[in-house]
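Engineer: With the input below, show me the fold.
(one chain, ligands or ions: 1)
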Amino acid sequence: MEGKPTNMRTSLFDTSMNMMTRLLFGKRYFGLKLSNKKNDEFKDIILKQLAIVGVFNIGDFVPFLRPFDLQGITTQSKQLRLKIDKVFDEMIQDHLKQNGLNDSKDFLGAMLSLPKTHGLGDRLEDNTIKAILNESMQAGTNTIASTIEWALIKLLRHPQFAKKAREELDDVVGLERVVNESDIPRLKYLQAIVKETFRLHPPNPLLLPHENIEGCEVGGYHIPPKTRLYVNVWAIHQDPSIYENPLEFNPERFVGSNVHLKGKDFQLLPFGSGRRVCPGFPFGLINVQMELARLLHSFTFNLPKGENLQDMDMSEVFSITTPKAVSLHVVATVRLPLHLYVAPQFTICGN
Ligand code: HEM
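Structural biologist: Residues are numbered from 1 along each chain as shown. Next up, the predicted model:
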């Protein structure tokens, strides 16, 4: 059965937003059936924040210009902060009304009940809770969605790897059920595809800005204290002294390799490393692996009629994350028995 073209950017972003809201608030807010003014506004604020956080703000680099806010970025961020604060205030109040302070079924509940259970007096400050919620919504959505979109594009352009991934999925999972989290450790080829996608398209190519407390020497250069430092993992991932044919998409370079994504192997650092390594690493990684596994196992993908791979615009957005500039549209064809697509456990599109 073949369907209409799907805008993968929108579906994957909604799915990632829902994964995060289920983790943080215990429910979904996005997707066709859940669209309403309030939920759409919530998504719009997150999208605008994501766009603004990646803009080159001259005031961040030339401090005497900061008070002038020449690009209006500080003003816009403050306005967005006020809006998202209102959304989260309402959610905190709803949560307290429904569950009180002793419910830790979701992350918000855990934060509201944390100090009580640990005897630290009053609960966490609302501002602290809202900052954590906001940072998580921004950090855990585009990163996951853009990685899966890039993986699908690469597999469309290199169908030999998609074929091998599906053979592995059919072998490990079969065709009578959908992929479960417990299948992932046995899906070695899929894991290699995910690593290769992270290598060529690290969602945060310069990680996040760091600042050294003390002066230090790096590679013969003196770095004075309080210097703003960026680690260019995009360049490390494409270094020909580390990777053979570094610009080529070839997941097989990671088949049977011990290189891990935890931040211990410096040739592959999509989640950063050290003390400030991404705290959402396990959640982010398993979501990428699970969503990609379910998509490949459940569907085959083709470009809509009239589009071809040679003419596909492969440019990236230059921002804090680097999704494809033009979103991917595909026509999906089912591969499994139809009853598996209506079962409650099948939640690929976040609806
Ligand atoms: C594919 C998924 C993800 C990738 C590739 C990713 C990558 C990163 C990177 C590179 C950093 C900066 C590390 C550094 O500068 O050394 C970071 C920080 C962060 N990430 Fe993730 N991330 C992902 C998913 C998530 C998720 C799902 C969450 C939340 C549940 C999350 C929460 C955070 C937070 C809060 C920070 C800031 C930590 C700090 O300030 O020390 N990330 N992430």
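Engineer: mind listing the helices for the stretch 51-200 of the chain?
Structural biologist: Ranges of helices in the stretch 51-200 of the chain, per DSSP state H, counting those that start in this stretch, are 58-61, 73-99, 107-117, 126-139, 142-157, 159-172, 188-200.
Engineer: In a markdown table: these, plus mean neighbour count.
Structural biologist: Where C-beta positions appear, they are placed from N, C-alpha and C, glycine not excepted. Output for these, formatted as a markdown table (neighbours: other CB atoms under 10 Å):
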| stretch | mean neighbour count |
| --- | --- |
| helix 58-61 | 14 |
| helix 73-99 | 15 |
| helix 107-117 | 18 |
| helix 126-139 | 17 |
| helix 142-157 | 23 |
| helix 159-172 | 16 |
| helix 188-200 | 23 |
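Engineer: which stretch in those helices is the model least sure about?
Structural biologist: Taking the mean pLDDT of each of the helices of the stretch 51-200 of the chain, the lowest value is held by helix 107-117, a mean of 83.
Engineer: What does the closest residue to the ligand within the stretch 101-250 of the chain show for phi and psi?
Structural biologist: Residue of the stretch 101-250 of the chain nearest the ligand, by CB to the nearest ligand atom: residue 140 (2.8 Å). For residue 140, the backbone dihedrals (degrees, to the nearest 10) come out as phi -110, psi 10.
Engineer: what does the stretch 151-300 of the chain have sitting close to the ligand?
Structural biologist: Residues of the stretch 151-300 of the chain found near the ligand (CB under 6 Å from any ligand atom) are 203-204, 207-208, 270-272, 276-280, 283-284, 288.
Engineer: what about burial for these, which qualify?
Structural biologist: Buried members of those, scored by 16 or more other CB atoms under 10 Å, are 203, 204, 207, 270, 271, 272, 278, 280, 283, 284, 288.
Engineer: ok so, going back, looking at the helices of the stretch 51-200 of the chain, spot the one closest to residue 221.
Structural biologist: helix 58-61 (18.9 Å; CB to CB).
Engineer: For the closest one, which outside residues touch it?
Structural biologist: Under the contact criterion CB atoms under 8 Å, 6 or more residues apart in numbering, helix 58-61 has outside partners 65, 66, 67, 68, 69, 70, 71, 73, 74, 228.
Engineer: again, but for stretch 183-199
Structural biologist: Applying CB under 8 Å, 6+ apart, the set of residues contacting stretch 183-199 is 147, 150-151, 154-155, 161, 164-165, 168-169, 172-173, 179, 237, 243, 249-255, 257, 259, 261, 268, 270, 285-286, 288-290, 292-293, 296.
Engineer: could you redo the last one with a cut-off of 7 Å?
Structural biologist: Surrounding stretch 183-199, the residues in contact under the criterion CB atoms under 7 Å, 6 or more residues apart in numbering are 147, 150-151, 154, 161, 164-165, 168-169, 172-173, 237, 249-255, 259, 261, 268, 270, 286, 288-290, 292-293.
Engineer: Tell me the confidence at residue 347?
Structural biologist: Per-residue pLDDT puts residue 347 at 50.
Engineer: and if you look at the one 4 residues further on?
Structural biologist: With respect to pLDDT, residue 351 scores 39.
Engineer: helix/strand/coil for residue 3?
Structural biologist: Classification of residue 3 by DSSP: H, G, I helix; E, B strand; the rest coil places it in strand.
Engineer: In contact with it, which residues are there?
Structural biologist: Taking CB under 7 Å, 6+ apart as the definition, contacts of residue 3 comprise 331, 332.
Engineer: So it versus residue 327, what's the distance?
Structural biologist: Relative to residue 327, residue 3 is positioned 17 Å away (CB to CB, to the nearest Å).
Engineer: Also residue 86?
Structural biologist: Using CB to CB, one obtains 29 Å as the distance from residue 86 to residue 327.
Engineer: Give me the nearest residue to residue 206, chain neighbours excluded.
Structural biologist: Closest residue to residue 206 apart from its sequence neighbours, by CB to CB, 6 or more residues apart in numbering: residue 230 at 4.4 Å.
Engineer: what about the one you found, how many residues close to it?
Structural biologist: Close neighbours of residue 230, defined as other CB atoms under 10 Å, add up to 11.
Engineer: Which pLDDT value goes with it?
Structural biologist: With respect to pLDDT, residue 230 scores 91.
Engineer: Correct me if wrong: it contacts residue 208.
Structural biologist: No. Using CB atoms under 7 Å, residue 230 makes no contact with residue 208, being 8.7 Å away.
Engineer: Touching, residue 101 and residue 114? I think so.
Structural biologist: No. Judged on CB under 7 Å, residue 101 makes no contact with residue 114 at a distance of 9.7 Å.
Engineer: Quick check: bridge partners of the closest residue to residue 322 other than its chain neighbours?
Structural biologist: Excluding the flanking residues, the one nearest residue 322 by CB to CB, 6+ apart is residue 316, at 4.4 Å. In this entry, residue 316 is beta-bridged to residue 324, by DSSP bridges.
Engineer: dump the residue contacts of residue 316.
Structural biologist: 322, 324, 325.
Engineer: Count the neighbours of the first one for me.
Structural biologist: In terms of burial, residue 322 registers 21 neighbours under the definition other CB under 10 Å.
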